[in-house]
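S.K.: Using only what follows, build the 3D model:
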Amino acid sequence: RSGLPDHLLQELHGCCYTEFCSRCKQFYRRQNEIPRGRPDHLTERQCEWCGGDLLDTIVNFSDLYRSDLTGPIVTHQSRKADFALVLGTSCCVQPSATYPTLCKSFALCNVQTTPLDSLASVRVFARIDRFMVCLLNALNITEFPTNTDMRLTWSLHPDDQHPKQDDEEGKAKSSWCQQQ
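M.R.: Take a look at the predicted model:
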C-alpha cells in the first residue's frame, strides 16, 4: 500500500493486505485487511489459478521467518543498497535484523533501543508517523503520486480526520505541511 512497485519493497514480517497461495505461491494484494488470526494462517479463500489454500503473510512472534518468500531477494538488494531506511523494528528477529547491516549505510527510526543503534548512520527515537512527516517536510515533499496505491485518499498529517482529495493528476494535496 506504499505505492512502490512490489519489486522495490519487501515486507519481511508480512502485510495485512497480502495473502499468498500455499501451492503455487501466487500473491494477492487486497484493498481491505485479509482475515487472519488462525495459527495455520489460512484465510479461508482459494487461489484463482490453482485452487490452493490462501494464507496470510503475517509473521507472528511465535512463527518461523518465511525466508523462502523473501530471503534471497532481500539479501541481494541489501548488498546493492547505498542506504536503507529502517522503520519501527526491534532489530531482534533474525535474519531480518542483519539486512540493514549489509547496506552501505542506514538510518533507524524506532521508539525503543535496538541492537543496531550504534551501527546506524542516523538514529532517531520517534514514532514513525511523526518521523515521516518531518522527513517529507525536510525533503519539501508536499504532494506525491498515489495512482499505484490502493488507498483512495492520503494526508501527510497523521492525525488528520479529513483526508485531502487527490487532484486530477493523482497527486495527494496537503496545505498543512509545515515544520513541526
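S.K.: Would you map the strands across this structure?
M.R.: 18-21, 27-29, 42-46, 53-56, 84-87, 106-110, 122-125 (DSSP state E).
S.K.: Identify whichever of those strands lies nearest to residue 140.
M.R.: Smallest distance to residue 140 across the strands of the chain (Cβ to Cβ): 17.4 Å, for strand 84-87. All C-beta spots, glycine's among them, are computed from the backbone N, C-alpha and C.
S.K.: packing partners for the closest one?
M.R.: The helices and strands touching strand 84-87, judged by 3 or more Cβ pairs under 8 Å, 6 or more residues apart in numbering; DSSP states H and E, are helix 99-102, strand 106-110, helix 128-138.
S.K.: tell me which residues of the last one are tucked away?
M.R.: By neighbour count on 16 or more other Cβ atoms under 10 Å, the buried set for helix 128-138 is 131-133, 136.
S.K.: Find the least confident helix or strand in this structure, judged by mean pLDDT.
M.R.: Every helix and strand in the chain was compared by mean pLDDT, DSSP states H and E; the lowest is helix 67-80, with a mean of 77.
S.K.: any idea how far residue 47 is from residue 26?
M.R.: Distance, residue 26 to residue 47, using Cβ to Cβ, to the nearest Å: 6 Å.
S.K.: Out of the two, name the residue with the larger neighbour count.
M.R.: Between residue 26 and residue 47, counted using other Cβ atoms under 10 Å, the more crowded position is residue 47 (18 against 14).
S.K.: still on that earlier bit, what residues are shared contacts of residue 26 and residue 47?
M.R.: By Cβ atoms under 8 Å, 6 or more residues apart in numbering, residue 26 and residue 47 have no common neighbours.
S.K.: Now do the end-to-end distance for stretch 112-129.
M.R.: Stretch 112-129 has its terminal residues 15 Å apart, counting by Cα to Cα, to the nearest Å.
S.K.: ah, wrong one, I meant stretch 27-46
M.R.: End-to-end distance for stretch 27-46, by Cα to Cα: 12 Å.
S.K.: Show me which residues of it are buried.
M.R.: 28, 34, 36, 41, 43.
S.K.: Closest one of these to residue 15?
M.R.: Looking across these and measuring by Cβ to Cβ, the closest to residue 15 is residue 34, at 8.9 Å.
S.K.: Backbone dihedrals for that closest one, please?
M.R.: phi -90, psi 160 (degrees, to the nearest 10).
S.K.: show me the contacts for it.
M.R.: Residue 34 is in contact with 16-19, 43, 45, 56, counting by Cβ under 8 Å, 6+ apart.
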